[in-house]
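Student: I need the structure of the sequence given here:
(2 chains)
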Number of protein chains: 2
Amino acid sequence: MTLLAVGSIAFDDLETPAGIREHLLGGSATYFSLSASNFCPIQLVAVVGEDFGSAEEAVYLDHSINLDGVIRQPGNCFHWKGRYGTDLNEAHTIQTNLNVFADFVPKLPNHYRNSPYLFLGNIDPGLQLEVVNQMAVHPKWIALDTMNFWIDGSRSALEKTLKKIDILLINEAETKSLAKESNVLKAARTVASMGPGTVVVKRGEFGSLLVTRDICIPVPAIPMENVVDPTGAGDTFAGGFLGFLASQGNLEEASLRRAMLAGTVMASFTIENFGIEKIASVQKRDIQERLNHFSQILGLSGL
Amino acid sequence: MTLLAVGSIAFDDLETPAGIREHLLGGSATYFSLSASNFCPIQLVAVVGEDFGSAEEAVYLDHSINLDGVIRQPGNCFHWKGRYGTDLNEAHTIQTNLNVFADFVPKLPNHYRNSPYLFLGNIDPGLQLEVVNQMAVHPKWIALDTMNFWIDGSRSALEKTLKKIDILLINEAETKSLAKESNVLKAARTVASMGPGTVVVKRGEFGSLLVTRDICIPVPAIPMENVVDPTGAGDTFAGGFLGFLASQGNLEEASLRRAMLAGTVMASFTIENFGIEKIASVQKRDIQERLNHFSQILGLSGL
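Tutor: You can find the predicted model right below:
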């Protein structure tokens, strides 16, 4: 039940109303894998630079995340500098340096090519398809993240890749943009019909919405008083959602619903502190406790 | 278990992406009472003009809404002209004519003054307090709606009125503005401590959030493919929420939670057609059917 994840490892400089932090370990693959590792074993494919040292490596190894697929290149890691104002739903990019990520071509180690579950983080849809083609056995499911940059600039490649996948995680504006439809439910159904079958719309502090041809599961976020830094919340949600699904081994409605709760709970930890500080230190009993709390405020029981 | 409601009766001209309609019966008291009348008997206090005829009156009487508290004045009804673009969450006011509503001073008929439940729609907070003082017996609970106009312009009067009430229904931006706090949960708790104890934050298509000192209940909206006109959705929500609570006779957590679902379901009907067209024609079995559907997509059962 190993989950193979492809994505970015980065250093971030962050400014939020709660403060300023520099050179924090981040990137979609980092948030995703730290979150998912609470539910299933993780194999990671990413690229790092010479500024990625043993202290950083230890963060993943402490979570038993396999790094055989992480290659090191001359230069520095992907670097993102961003700022959030009072509206924490909106990130303002101040600077992006792709660095070693600019020439990233994922290459799967041989012992990764039989993984039953595959998550393709937000990279060029052509490269995402390349990864699918490298698999020795077609995975039981493939999940994918993307963004407006590819929807606007590489639509036909993206559409081709979408036909190969089972689950798409995408934010609300991107769902509408991809479907060319302003109603979120219609948009998600349109996107589901483009290939993935299951679409999870991420709505930030308003929660998430899972849509297939037949079902629709809206889930609110957990209202939090203490929001320090929303960076990585979406990737952490994806990690909790897909990690939980991988641990279940099926895509039945009950599993999808519980996976949505797991993703929501993991995201709620991330935003409580800067960068990965909270998500890297959270314990299984904290997760179970918050899952119980969440079930209780939703009026659910016996989860 | 009669619910006494004070608010506005209006004629609206509406433009949405689905079309244009003129001279539709509307106003907060109309949406509220049509919705609430599905759950409990309603007494209405409002003012109408000479353009309010027997056809309009029949809409309320068909729902057994008592109109003894609706007074007629020379002139025309409150008139609102508004437009919605693709983002149906935002109404753009084109024109407002207060007409007879400008001099509205609610006066309760004697046989209204013992009502156990009172809803004060969005009018001057000083007048809202006047209504409370007209009650012969202090109601079991008093609920109130307000808006930015009063928060910004009549804060001290509003703060005085808030001390007298039990439940405040208010949208998200107004909650933050009233509390001077940008985190919605902190803001709602601050507002709850100003008097009402129970605060229901209305978040449009993202659902609603009930907050007291001790509990917090987030409820998503029902994802709808067919959204024609969002006018009155918030008032309809309030009607379903408070009508259901009045039918239960208590403010226990289980009742509050089910009331949130009732409000959400009623609002989902309103937006399916222009003005009150849908909410005025919906049947009890439609309501029960949608409540069942909503419970099912939330993963709840046995409601």
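Student: For the stretch 1-150 of chain A, what lies in contact range of chain B?
Tutor: Residues of the stretch 1-150 of chain A found near chain B (Cβ under 8 Å from any Cβ of the partner chain) are A:17, A:86-87. All C-beta spots, glycine's among them, are computed from the backbone N, C-alpha and C.
Student: Of these, which count as buried by neighbour count?
Tutor: With neighbours counted using 16 or more other Cβ atoms under 10 Å in any protein chain shown, the residues of the stretch 1-150 of chain A next to chain B contain no buried positions.
Student: ok, now which ones touch A:Met135?
Tutor: By Cβ atoms under 8 Å, 6 or more residues apart in numbering or on different chains, the contact list for A:Met135 reads A:108, A:113-115, A:118.
Student: packing partners for the helix or strand hosting A:Ala5?
Tutor: Assigned by DSSP states H and E, A:Ala5 belongs to strand A:3-6. Strand A:3-6 sits against helix A:28-36, strand A:42-48, strand A:117-120, helix A:233-248, with contacts defined as 3 or more Cβ pairs under 8 Å, 6 or more residues apart in numbering or on different chains; DSSP states H and E.
Student: would CSV of the ones you listed with mean pLDDT, distance to B:Phe274 and mean neighbour count be doable?
Tutor: Compiled in CSV, the helices and strands packed on strand A:3-6 are given as follows (pLDDT from 0 to 100; distance: least, Cβ to Cβ, whole Å; neighbours: other Cβ atoms under 10 Å in any protein chain shown):
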stretch, mean pLDDT, distance to B:Phe274, mean neighbour count
helix A:28-36, 98, 44, 30
strand A:42-48, 98, 52, 26
strand A:117-120, 98, 44, 28
helix A:233-248, 98, 36, 27
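Student: can you put those in JSON lines and add distance to B:Phe52?
Tutor: Below are the helices and strands packed on strand A:3-6 laid out as JSON lines (distance: least, Cβ to Cβ, whole Å):
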{"stretch": "helix A:28-36", "distance to B:Phe52": "58"}
{"stretch": "strand A:42-48", "distance to B:Phe52": "66"}
{"stretch": "strand A:117-120", "distance to B:Phe52": "60"}
{"stretch": "helix A:233-248", "distance to B:Phe52": "50"}
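Student: quick one: which of those is nearest A:Val219?
Tutor: helix A:233-248 (10.1 Å; Cβ to Cβ).
Student: Skip ahead from the closest one and say which helix or strand is next.
Tutor: Assigned by DSSP H and E, the successor of helix A:233-248 is helix A:253-270.
Student: What is the distance between that following helix and the centre of its chain?
Tutor: Centre-to-centre, helix A:253-270 and its host chain are 12 Å apart (Cα atoms, centre = their mean, to the nearest Å).
Student: how about that helix, does it get close to chain B?
Tutor: Yes. Applying Cβ under 8 Å from any Cβ, one finds helix A:253-270 in contact with chain B at A:Arg257.
Student: what helices or strands is that helix leaning on?
Tutor: helix A:28-36, strand A:198-202, strand A:208-211, strand A:216-219, helix A:233-248, helix A:284-297.
Student: before we move on, back to that, wait, which of the helices and strands packed on strand A:3-6 is closest to A:Ser193?
Tutor: strand A:117-120 (19.7 Å).
Student: And stretch A:118-129, what's buried?
Tutor: A:118-125, A:128-129.
Student: brain fart, stretch A:282-295
Tutor: A:282, A:287, A:290-291, A:294-295.
Student: Those into CSV, with extra columns for pLDDT and distance to B:Glu253?
Tutor: CSV is the format used below for these (pLDDT from 0 to 100; distance: Cβ to Cβ, whole Å):
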residue, pLDDT, distance to B:Glu253
A:Val282, 98, 28
A:Ile287, 98, 25
A:Arg290, 97, 19
A:Leu291, 97, 20
A:Phe294, 97, 16
A:Ser295, 95, 14
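Student: Need these in TSV (columns: distance to chain B).
Tutor: Putting these into TSV (distance: Cβ to the nearest Cβ, whole Å) gives the following:
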residue	distance to chain B
A:Val282	20
A:Ile287	19
A:Arg290	13
A:Leu291	13
A:Phe294	9
A:Ser295	9
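Student: Taking those together, which two end up most distant?
Tutor: A:Val282 and A:Ser295 (17.7 Å).
Student: In strands, which of the contacts of A:Met135 appear?
Tutor: A:Leu118 (DSSP state E).
Student: what residue is smack in the middle of chain A?
Tutor: A:Asp235 (2.8 Å; Cα atoms, centre = their mean).
Student: What is the neighbour count of the residue of the stretch 51-200 of chain A found nearest chain B?
Tutor: For the stretch 51-200 of chain A, the residue closest to chain B is A:Leu185, as judged by Cβ to the nearest Cβ, at 4.2 Å. When neighbours are defined as other Cβ atoms under 10 Å in any protein chain shown, A:Leu185 has 21 of them.
Student: Next: the one 3 residues further on.
Tutor: Burial of A:Ala188 is recorded as 28 neighbouring residues (other Cβ under 10 Å).
Student: Equivalent analysis for A:Ile94, please.
Tutor: 12.
Student: My reading is that it lies in a strand. Confirm?
Tutor: Yes. Per DSSP: H, G, I helix; E, B strand; the rest coil, A:Ile94 lies within a strand segment.
Student: ok, it - contacts?
Tutor: A:13, A:81-83.
Student: ok, the closest residue to the residue nearest to the centre of chain A other than its chain neighbours - contacts?
Tutor: Nearest non-adjacent residue to A:Asp235, counting by Cβ to Cβ, 6 or more residues apart in numbering or on different chains: A:Tyr31, 3.7 Å away. By Cβ under 8 Å, 6+ apart, the contact set of A:Tyr31 is A:232, A:235-236, A:239, A:270, A:276, A:279.
Student: what's the answer for A:Asp51, then?
Tutor: A:11, A:76-77.
Student: what does A:Glu253 give?
Tutor: Contacts of A:Glu253 (Cβ under 8 Å, 6+ apart): A:215, A:217.
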